[in-house]
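Engineer: just a sequence and a predicted model for now, questions to come.
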Amino acid sequence: MTKFKKNYGSWREDHLEKAIILIDQGVSYGDVVSAFATIDPEIKLAQAYSKKNAIEKLKYALKKYDKPYLKNQSWLKWRSIYSAPRNGHKFLCVQNGDMYVAHWNDNKFLETGGAEIKPDHWMPLPAAPKYMP
């Protein structure tokens with residue numbers, strides 16, 4: 001049996017890391033809960049009781065988890081453009097060695113200035129820094 005470092009309510013650490021990636025790609029919290037309910041009996045039970053409650057438990061676990069993956073950024077890696085979000089969320093991408101912040105709109109990738117680009121790789125944008133007075 002595999003040992004995990006910590007549990008966050010009904011969410012295991014390894015599940016949270018995968019959930020974060022899905023959410024960053026634009027998958028809804030409800031769909032993330034539904035997906036993990038198929039493989040984890042505790043999440044399935046929480047969802048059966050109340051999907052809204054299961055979503056709140058996921059959000060609470062993510063807050064408590066504090067996204068340590070951003071501290072070492074080991075999960076941030078370049079991915080094939082074919083897996084880039086197609087929901088309007090912005091991401092970092094590369095075309096011919098030049099980097100852009102882009103999004104998908106009207107069946108094409110647009111950089112922030114509105115010009116069409118044809119990138120070959122992408123990665124999620126890092127979280128914005130916390131405000132420090």
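Structural biologist: Looks like it came in fine. Numbering: from 1, shown residues only.
Engineer: tell me the helix or strand right after the worst-scoring helix or strand of the chain on mean pLDDT.
Structural biologist: When each helix and strand of the chain is scored by mean pLDDT, DSSP states H and E, helix 69-72 comes last, with a mean of 46. Following helix 69-72 in sequence order, the next helix or strand is strand 79-80 (DSSP states H and E).
Engineer: which helix in this structure has the most residues?
Structural biologist: Using DSSP state H, we find that the single longest helix of the chain is helix 51-65.
Engineer: mind listing residues that contact that helix?
Structural biologist: Contacts with helix 51-65, where a contact means CB atoms under 8 Å, 6 or more residues apart in numbering, come from 8-11, 13, 16, 19-20, 23, 29-30, 32-34, 37, 43, 46-47. Just so you know, the C-beta spots here come from the backbone N, C-alpha and C atoms, and that holds for glycine as well.
Engineer: among those residues, which ones are in helices?
Structural biologist: Among the contacts of helix 51-65, DSSP H puts 13, 16, 19-20, 23, 29-30, 32-34, 37, 43, 46-47 in helices.
Engineer: before I go, just wanted to say thanks for your time.
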